[in-house]
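**Student:** generate coordinates for the sequence data below:
(chains A and B)
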Amino acid sequence: MRIKGRGAERAFGPVRRAGITFLLGLLPLFFILGSLHFGRMGLSLSEVWASLFGGEVSETVRALVLRVRLPRVIAASLVGVNLAVSGAAFQGIFRNPLVESRILGVSAGAAFGAALAMVLQSGPAGIQILAFLGGLLAAGLAILLGTAFGGGILVLVLSGVLVSSFFSSLVSLVKYFADPYVQLPGITFWLMGGISTVLWHDVLPLAVASFLGVAGLFLLRWRLNLLTLSEAEAQALGLHVRRLRFLVIALGTLLTAAAVSVSGVVGWVGLIVPHAARALVGPDHLFLIPASAGLGAAVLLLFDNIARTALPTEIPLDILTGLIGVPVFFALFMRQIRRGGGWK
Amino acid sequence: MSLLARAISFAYVPEKYVLTEVTVEVERGEILFLLGANGSGKTTLLECLCGVRVPQHGTVLLDGRELFKLSARERAKYVAYVPQFPEAAFAYTVEEMVLFGRAPHVGPFGRPGRNDWERAYRALALVGLDGLSRRPITTLSGGEKRLALIARGIAQEAPYLLLDEPDAHLDPANQHRVLSVISHLAKEGLGVVATTHNPNSALLYGKRVLLLRAGKTLAEGAPKDALSAELLKEAYGIPFQIVGDGVGPRAILPKVEG
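**Tutor:** The predicted structure is shown next:
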């Protein structure tokens, strides 16, 4: 009296998923070493190694590695982790593999905060703080609006779109009033994304936010699985759905806003990386969160290396992620359609 | 020990009641079948009984305690709800899906442990799906998905089990398997409420039936009394005939002209 397994389409078991997750977690280490080695001034791997671990090497090289490249490489990794993990969490609670943290207007809010800081000439710390507050404000507004109209997922998405376009208009307003020769180029360039100006003191707050956000979401890993069910099912299974959803949004916003405040707006990573990670390790957040983190760091390092070495001047990151991300997304989309899988 | 809805009324839109003063009680150890035309309020009634929807009037009592004063998690330990279709947005495997039933027994930061896996597998074996445990739920047939959801409800191990059309989309063998599993669970002491569009399921496996029409109780009682030709006609709007009345198994069929 049992239905035989049809063999094909069996998913990977937990052991193999854990193995792939572990490999993806190690991936950034290789990319970090590679990124320290790459650059306009060619360094050998042994010079990189010596600078990091106190070997015989010239002071110039050591300074380049430790004061310029290392903070940038660490920041790039953390930005990648934040975008990918928040993307995974947002895809889970919105029950849709097409969304990322831009959905609640977090990025637009953070962009507005940063633009305002630049016009007010409040310096790099001011940019970070206002970008962060702007992101939180936007997500808060989207949630408030969504809750006022019933709090369902669809209403929440709609409020996110509204808040997002409202903050985009505010950014345009700030740009309109900005000094066209000094401030406007700065704002425009910052909005296009990039990590070229990162120093050690930018990295610390980013690292704290990354740790809090990722650890919080990882603790909720199994609850996150349950949130991908319909609201009625999750409620009937004993979840306080709204409360849990807001907690996840708060953690995701923390991650996104921290990333945007350092790197500007970098799109697509938060959408494609969790998607790819899910294809590799399955939808269980126990594996999905670490796998997204590893893959996200590696992908952002790869983009940042291209950004700083491909042309004589730096290429803004968002341009690169858009140019590469959109075709990749399209390919993923087509594959899903061809397999006959639904795109829910 | 019973799950009792006392004179509950529920409206999705203010003043447009889908349920009007419905009273229904299921005791531990018995099966109650809910029948009624499409849109008569069966699913809404189930959702009120498990606490997903809060009726505007009336109360729901769980073993004498008010259902809506309990926390969601406490409710889920007592009442399990099996919806019509699984609505997972991602391709979880059958075993992962059934493990979700252990949610009320797992802490907020925890994951299901060995004990939970054992119970999930016992539930899978009960519905005969243990051969498919590693298959993504999205690749199952409609009937297999249904069985997986029922296994999830069983794995929840609540004393009351509410099922929305457990016998729909299943072949006769699987219908029998599901309904006899449910009967077995009731004999073990569970209180079961199941909606169905097949009056014969209620005749074969039920002891008690509630017939709804437009959100109101039309009839309640033993299947052969509550599912009379007259009452069925009133509920569904077409004539029915009762076959084998008095001798042998009974069956209810629509009356076909000519």
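
**Student:** what's near enough to touch the residue of chain A found nearest chain B?
**Tutor:** Closest residue of chain A to chain B, C-beta to the nearest C-beta: residue A:238 (2.9 Å). (Each C-beta comes from the backbone N, C-alpha and C, glycine too.) Going by C-beta atoms under 8 Å, 6 or more residues apart in numbering or on different chains, residue A:238 touches B:71-77, B:103-104.

**Student:** closest one of these to chain A?
**Tutor:** For the contacts of residue A:238, the minimum distance to chain A (C-beta to the nearest C-beta) is 2.9 Å, reached by residue B:76.

**Student:** pLDDT wise, what is that closest one at?
**Tutor:** Per-residue confidence (pLDDT) for residue B:76: 97.

**Student:** mind putting the contacts of residue A:238 into CSV with distance to residue A:324, neighbour count and secondary structure?
**Tutor:** Shown next, in CSV, are these (distance: C-beta to C-beta, whole Å; neighbours: other C-beta atoms under 10 Å in any protein chain shown; DSSP: H, G, I helix; E, B strand; the rest coil):
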residue, distance to residue A:324, neighbour count, secondary structure
B:71, 47, 12, coil
B:72, 44, 18, helix
B:73, 45, 17, helix
B:74, 50, 16, helix
B:75, 48, 23, helix
B:76, 45, 25, helix
B:77, 49, 17, helix
B:103, 39, 26, helix
B:104, 44, 22, helix
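
**Student:** list, out of those, those positioned next to chain A.
**Tutor:** B:71-77, B:103-104 (C-beta under 8 Å from any C-beta of the partner chain).

**Student:** and residue B:34, what is it in contact with?
**Tutor:** Contacts of residue B:34 by C-beta under 8 Å, 6+ apart are B:24, B:42, B:45-46, B:193-196, B:209-210, B:212.

**Student:** likewise residue A:292?
**Tutor:** Contacts of residue A:292 (C-beta under 8 Å, 6+ apart): A:84-85, A:87-88, A:273-274, A:277.

**Student:** and which of those is nearest to residue A:323?
**Tutor:** residue A:273 (16.3 Å; C-beta to C-beta).

**Student:** which SSE is immediately downstream of the helix or strand that contains residue A:60?
**Tutor:** Under the criterion of DSSP states H and E, residue A:60 resides in helix A:59-63. Next helix or strand after helix A:59-63 toward the C-terminus (DSSP H and E): helix A:70-93.

**Student:** state the mean pLDDT of that next one.
**Tutor:** Rounded mean pLDDT across helix A:70-93 is 95.

**Student:** one more: stretch A:229-239?
**Tutor:** For stretch A:229-239, the mean pLDDT works out to 93.

**Student:** chain center to it: distance?
**Tutor:** 28 Å (C-alpha atoms, centre = their mean, to the nearest Å).

**Student:** dump the contacts of residue A:238 to JSON lines, plus distance to residue B:220.
**Tutor:** Listed next are those as JSON lines, based on distance: C-beta to C-beta, whole Å:
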{"residue": "B:71", "distance to residue B:220": "31"}
{"residue": "B:72", "distance to residue B:220": "30"}
{"residue": "B:73", "distance to residue B:220": "32"}
{"residue": "B:74", "distance to residue B:220": "29"}
{"residue": "B:75", "distance to residue B:220": "25"}
{"residue": "B:76", "distance to residue B:220": "27"}
{"residue": "B:77", "distance to residue B:220": "28"}
{"residue": "B:103", "distance to residue B:220": "33"}
{"residue": "B:104", "distance to residue B:220": "30"}
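
**Student:** which of the contacts of residue A:292 come close to chain B?
**Tutor:** Counting by C-beta under 8 Å from any C-beta, no member of those reaches chain B.

**Student:** residues near residue A:306, how many?
**Tutor:** When counting by other C-beta atoms under 10 Å in any protein chain shown, one arrives at 15 neighbours for residue A:306.

**Student:** could you do residue B:233 as well?
**Tutor:** 14.

**Student:** what helix or strand is residue B:29 on?
**Tutor:** Counting by DSSP H and E, residue B:29 is part of no helix or strand.

**Student:** same check on residue B:149?
**Tutor:** helix B:142-155.

**Student:** how far off centre is the helix or strand that that helix is followed by?
**Tutor:** Later in the chain than helix B:142-155, the nearest helix or strand by DSSP H and E is strand B:160-163. Here strand B:160-163 is found 5 Å from its chain centre; the criterion is C-alpha atoms, centre = their mean.

**Student:** which helix or strand lies directly C-terminal to strand B:160-163?
**Tutor:** Per DSSP H and E, the first helix or strand lying C-terminal to strand B:160-163 is helix B:172-187.

**Student:** elements contacting that next one?
**Tutor:** strand B:31-36, helix B:142-155, strand B:160-163, strand B:191-195, helix B:199-205 (3 or more C-beta pairs under 8 Å, 6 or more residues apart in numbering or on different chains; DSSP states H and E).
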